[in-house]
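Chemist: need a structure here:
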Amino acid sequence: MPRLRYLTAGESHGPALVAILDGLPAGLELDRAAIDRDLSRRQMGYGRGGRMKIEKDAIEVLAGLRGGRTSGAPLAFCIRNRDFENWRETMDPWAPPAAGKEVTRPRPGHSDLAGALKYLTHDARDVLERASARNTATRVAIGSICKQLLGQFGIELYAHVLRIGEVAANPERQDLAALRERAEASEVRCADPDAEARMKAHIDQARHAGDSLGGIFEVIATGVPPGLGSYAEWDLRLDGRLCGALASIQAMKGAEIGLGFESAQKPGSQVHDPILYKDGLFVRPSNRAGGIEAGVTNGEPVVMRVVMKPLPTLARPLPSVDLATKEPFDAAKERTDSVAVPAAAVVGECVVATVLGEAFLEKFGGDTLDDVRRAFDGYLEQLRSY
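Modeler: Okay, here's the model as predicted:
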């Protein structure tokens, strides 16, 4: 059983989103403003839709925290849905659903049809409410908490957008701090100013055409020590856990580490990183492996890229078939975004933080933050004398 684990619940238009995060060491002081800031970052981005004007996400801790510090017990929290008041007739947990509010017309590319077939229902409302990307808010809050844990040990994470639709960025990577600052200041979370302007124009074109765009974002984790993860069992390999977690985010269709798919086009001499020994440590002059070899971190930054498909709810809908009548129709249009890649990058950043937090506590975990720190410091001392 992993030391750090969580469960989430909630519907897109229900009263609230809730989560329980179990396994945090006691004594970790949490910054509520930092969590709310990450929740706000998830809501930002050029091309977002009307829902973001309604919600103002904030964490409401229910258990496991006292005086701003974790107690070692499960941490429970919720994020209220303001839009619930507009959907109370449809989404009240106790009242029967209002007549005529059934969703029988599935949207191509969404969860509607697959979920309706799984549960043999003609009303896909329950399916789409839970499958909605609105539910990534809880995963952002969990990841934000994990970022605070990792930050205690010098590990930092950030994400930036590399592509939206046909427009690709080529940001300067020598100064990672500057890259992060530029991405945070960008409406599309892109560190390449020229590409940012072209991305926004591309988004405007898609919006006017009633279409949507996908893209690619990159997550970078710096300060990660060697030794997280394991090669001993398939389900303990950190690369598999990271790719699986990132692919589990709504609308993600692929993930890669380091060179990733580009490795298939190059000879081994241009793929693997040479090993050097400098100042008492093993280091690499390159990081084509993306910080992970054989399922274990090697001390270099962890670098991952994720592909997001265009959102399936379109202003100019595609043909579909009614679940109940089997009659053809044009899929229903609901409130949606033209592009959500900048927001997805924030979700990806927090999901990576959660997986790294889990792996970190597997190696260094204890009942209290002081226990973790002693184990971590002792390991670093062993590395220096290796």
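
Chemist: for this structure, which helix is longest?
Modeler: Longest helix in the chain by number of residues, with DSSP state H as the criterion: helix 341-364.

Chemist: Using PDB, write down the CA coordinates of that helix.
Modeler: Below are the C-alpha coordinates for helix 341-364, written out as PDB (Å, rounded to 0.1, in the frame of the first residue of the first chain):
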ATOM      1  CA  VAL A 341      -3.900  23.600 -22.500                       C
ATOM      2  CA  PRO A 342      -2.600  26.400 -20.100                       C
ATOM      3  CA  ALA A 343      -4.900  25.200 -17.400                       C
ATOM      4  CA  ALA A 344      -4.100  21.600 -18.100                       C
ATOM      5  CA  ALA A 345      -0.400  22.500 -17.600                       C
ATOM      6  CA  VAL A 346      -1.200  23.500 -14.000                       C
ATOM      7  CA  VAL A 347      -3.100  20.300 -13.400                       C
ATOM      8  CA  GLY A 348      -0.100  18.300 -14.800                       C
ATOM      9  CA  GLU A 349       2.300  20.200 -12.600                       C
ATOM     10  CA  CYS A 350       0.300  19.200  -9.500                       C
ATOM     11  CA  VAL A 351      -0.300  15.600 -10.600                       C
ATOM     12  CA  VAL A 352       3.500  15.200 -11.100                       C
ATOM     13  CA  ALA A 353       4.000  16.700  -7.600                       C
ATOM     14  CA  THR A 354       1.600  14.200  -6.100                       C
ATOM     15  CA  VAL A 355       3.400  11.200  -7.700                       C
ATOM     16  CA  LEU A 356       6.800  12.600  -6.700                       C
ATOM     17  CA  GLY A 357       5.500  13.200  -3.200                       C
ATOM     18  CA  GLU A 358       4.300   9.600  -2.900                       C
ATOM     19  CA  ALA A 359       7.700   8.300  -4.100                       C
ATOM     20  CA  PHE A 360       9.600  10.700  -1.800                       C
ATOM     21  CA  LEU A 361       7.700   9.500   1.300                       C
ATOM     22  CA  GLU A 362       8.200   5.900   0.200                       C
ATOM     23  CA  LYS A 363      11.900   6.400   0.500                       C
ATOM     24  CA  PHE A 364      12.100   8.900   3.400                       C
END
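
Chemist: C-terminal to that helix, what's the next element?
Modeler: With elements assigned by DSSP states H and E, the helix or strand that comes after helix 341-364 is helix 369-384.

Chemist: Least confident secondary structure element in this structure?
Modeler: Every helix and strand in the chain was compared by mean pLDDT, DSSP states H and E; the lowest is helix 51-54, with a mean of 61.

Chemist: Going by neighbour count, list what's buried in the longest helix of the chain.
Modeler: Neighbour-count burial for helix 341-364, with 16 or more other C-beta atoms under 10 Å as criterion, is recorded at 341-364. Bear in mind the C-beta positions are built from the backbone N, C-alpha and C, glycine included.

Chemist: Between helix 369-384 and that helix, find me the angle.
Modeler: For helix 341-364 against helix 369-384, the angle between stretch directions is 80 degrees (axes from the mean of the first three to the mean of the last three C-alpha atoms, to 10 degrees).

Chemist: Output the contacting helices and strands for helix 341-364.
Modeler: With contacts defined as 3 or more C-beta pairs under 8 Å, 6 or more residues apart in numbering; DSSP states H and E, the secondary structure elements packing on helix 341-364 are helix 32-43, helix 136-151, strand 156-164, strand 215-222, helix 238-247, strand 302-308, helix 369-384.

Chemist: What average pLDDT does that helix get?
Modeler: With pLDDT averaged residue by residue, helix 341-364 scores 98.

Chemist: How far does that helix sit from its chain's centre?
Modeler: Put simply, helix 341-364 sits 7 Å off its chain's centre (C-alpha atoms, centre = their mean, to the nearest Å).
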